[in-house]
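> Here you go, sequence then predicted model.
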Amino acid sequence: MAKEIKIKPIGIIHTPYKEPKGMPIQGAFEKGVTGTARLFPKYRAGLKDLKGFSHAILIYHFNRSKEEKLSGKPFLENKEHGIFAIRSPHRPNHIGFSIVKLKYIRGSVIVFSEVDMLDGTPLIDIKPYVKYYDSRGRVKCSWIDKHFKKGGIPEKVKLK
């Protein structure tokens, strides 16, 4: 097995969020904010047929994270959890993903809403969100379930 895997960006994500402060912890909590993913020209052809989807999964590199932790405190509470039970950027490979709502595609630029990433984030990959594959029934969400018991959005949905 290889000791290292090299991944190169396919583009850059641009958003209004220059710093983590004020950014939602998940894009579904801030539906009105718009961002763009600008693909490098050589990857433009890969966008063929994506505009027929309502949502996409953007996979990106948490390029501002310089730490690697195996546990951390999520934004919804002050208790530590294992890194693989939270969505912290301070992961071993600093890889993140977001499900975004596609607004339109023009040339090599994807315009989307439901933004939860920082401006200048390197884009690694794009996958279509497919309800037949990606939605699941009877899902358990461990420690997160208690924050949604009342049916609304938790108070701590933006980074401080």
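Happy to help now that I have it. Numbering: from 1, shown residues only.

> Give me the phi and psi angles of Val109.
Dihedral pair for Val109: phi -120, psi 130, per degrees, to the nearest 10.

> right, and it touches Phe40 too?
No. Look at Val109 against Phe40 with C-beta atoms under 8 Å: they stay out of range, at 11.4 Å. To be clear about C-beta, it is placed using only N, CA and C from the backbone, and glycine gets the same treatment.

> ranges for the helices of the chain?
In the chain, the segments counted as helices under DSSP state H are 131-134.

> Show me the strands in it, by range?
11-14, 34-39, 55-61, 71-72, 81-82, 95-106, 109-113, 121-128 (DSSP state E).

> quick one: strands adjacent to the last one?
Sheet pairing of strand 121-128 (DSSP bridges) gives strand 11-14 (antiparallel), strand 55-61 (antiparallel).

> Tell me who's in contact with the spatially most central residue of the chain.
When C-alpha atoms, centre = their mean is applied to the chain, the residue found nearest the centroid is Ser98 (2.4 Å). When contacts are counted by C-beta atoms under 8 Å, 6 or more residues apart in numbering, Ser98 touches 26-27, 57-58, 60, 114-117.
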